[in-house]
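Q: What follows is a predicted structure for the sequence shown.
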Amino acid sequence: MILQRRNRILRATPAIRSLVAETILTPSDFIAPLFIDEGENVQTEIASMPNYYRRSLDGTVKEVKELWSMGIKSVLLFIKCKDELKDNTGKEAWNKDGLMQRSIRAIKEAVPEIYVMTDVALDPYSSYGHDGIVENGEIVNDPTVEALVKMSISHAKAGADMVAPSDMMDGRIGAIREGLEHAGFTKTGIMAYSAKYASCFYGPFRDALDSAPGFGDKKTYQMDFANRTEAIKEALMDVEEGADIVMVKPGLPYLDIVREVKNAVDVPVSVYNISGEYAMIKAAAKMGWINEDKAIIETLTSIKRAGGDLIATYFAKDAVKLIS
Ligand code: PBG
């Protein structure tokens, strides 16, 4: 054959493949989510997330030091709230001595340079396990937004660099930005979970924090997975309202959305490679059906290729070890 173009030339050896690779993972792509518990010396493996742990603050601080030493620049904090502190207002969420606030202070003190992001949503604090305040069986928007503003300000006061509202109430980004401005926190960022879908893949996360909804589901606030243009609307509105970064979540089943959002906004796009995505890789690898290391790198590369500038992933440490 006489061919004009032979595409295999650029695939022939590892050297040429790496020379022409379009997407390269680096440690600073990753945000490491951390699950924090009360107590001391507590380290509980999440049943549906093998090799991922909920730790007390002492162990969390150690973990953060290790993450930083590996080149991971950011953590995203989640806490497990004690049952007796849960109620329908979620008021423990803005307790200045709450577990989240203590954690932010301790982490910032131990590793001042690490970029601390915090989850802002009421579900871990809600006796109903919902991301908002419940009235007559409904998740009410505006009173929830007021609570989220208080929560965000209390995280900022404790030293959070960026708050990450994951609740999907309307108008919360603008309200949080305004609240931070009025409280004088002009350096605190907002990473908006803008296109967050009502997904079955959050299951393992809800095990980790004991935060499964007590009734119904989250479909009146999280997005319908049938929808695409709605994601653009959400992302553009959040940018307008003051989001510094917008997020698409989950990751792998929503890469089309990642690309569309990336093309539509002028802020960085983050993607949450969520608990169920972690669990699937772990389970298949345990069965011997896929190669775990390769699945991790392929998954994270595909998320970055789709347009994810930052990736929140439970594989952050594994990935850094694999790419170095
Ligand atoms: C709750 C929240 C969820 C996740 C992050 N924040 C679960 C939910 O909305 O029910 C999921 C993260 C994961 O599955 O890894 N506001």
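A: Everything's here; your move.
Q: Contact residues of this structure facing the ligand?
A: Asp119, Ala121, Asp123, Asp131, Ser166, Asp167, Tyr202, Phe205, Arg206, Lys218, Ile274, Ser275 (CB under 6 Å from any ligand atom). C-betas here are computed from N, CA, C, even on glycine.
Q: Looking at those, which one is closest to Val265?
A: Checking the residues of the chain next to the ligand against Val265 by CB to CB gives Ser166 as the nearest, at 18.1 Å.
Q: which residues does the closest one contact?
A: For Ser166, the contacting residues are Asp119, Val120, Ala121, Asp131, Tyr193, Lys196, Lys249, by CB atoms under 8 Å, 6 or more residues apart in numbering.
Q: any idea which helix is longest in the protein?
A: Ranked by residue count under DSSP state H, the longest helix found in the chain is helix 141-158.
Q: For that helix, buried residues please.
A: 141, 144-145, 147-158 (16 or more other CB atoms under 10 Å).
Q: circling back: among the residues of the chain next to the ligand, name the ones in strands.
A: Counting by DSSP state E, the part of the residues of the chain next to the ligand found in strands is Asp119.
Q: From the residues of the chain next to the ligand, which shows the smallest pLDDT?
A: Least confident of the residues of the chain next to the ligand in the model: Arg206, at 91.
Q: Who are the contact partners of that residue?
A: With contact set as CB under 8 Å, 6+ apart, Arg206 has these partners: Gly129, Ala212.
Q: make it 6 Å
A: Counting by CB atoms under 6 Å, 6 or more residues apart in numbering, Arg206 touches Ala212.
Q: again with Val145
A: Taking CB under 6 Å, 6+ apart, one finds Met169, Gly171, Arg172, Ala175 in contact with Val145.
Q: Next one, pLDDT for it please.
A: pLDDT, Val145: 98.
Q: what do you get for Lys233?
A: According to the prediction, Lys233 has pLDDT 98.
Q: Equivalent analysis for Phe315, please.
A: What the model reports for Phe315 is a pLDDT of 98.
Q: That one and Ile297 touch, don't they?
A: No: taking contacts as CB atoms under 6 Å, Phe315 lies outside contact range of Ile297: 9.0 Å.
Q: Between these two, point out the one with more neighbours.
A: Between Phe315 and Ile297, counted using other CB atoms under 10 Å, Phe315 has the larger neighbour count: 25 against 17.
Q: quick one: the nearest residue to Gly137 once chain neighbours are set aside from the ligand, how far?
A: Residue nearest to Gly137 in three dimensions, not counting chain neighbours: Phe215, with 7.3 Å by CB to CB, 6 or more residues apart in numbering. Noted for Phe215: a distance of 14 Å to the ligand, by CB to the nearest ligand atom, to the nearest Å.
Q: Is Val239 in a helix, a strand, or coil?
A: helix (DSSP: H, G, I helix; E, B strand; the rest coil).
Q: about what we covered before: wait, which of the buried residues of helix 141-158 is closest to the ligand?
A: Using CB to the nearest ligand atom, Leu148 comes nearest to the ligand of the buried residues of helix 141-158, at 10.7 Å.
Q: Quick check: phi and psi on the spatially closest residue to the closest one that is not a sequence neighbour?
A: Once flanking residues are discounted, Leu148 sits nearest to Arg172: 5.2 Å by CB to CB, 6+ apart. Main-chain dihedrals, Arg172, degrees, to the nearest 10: phi -70, psi -30.
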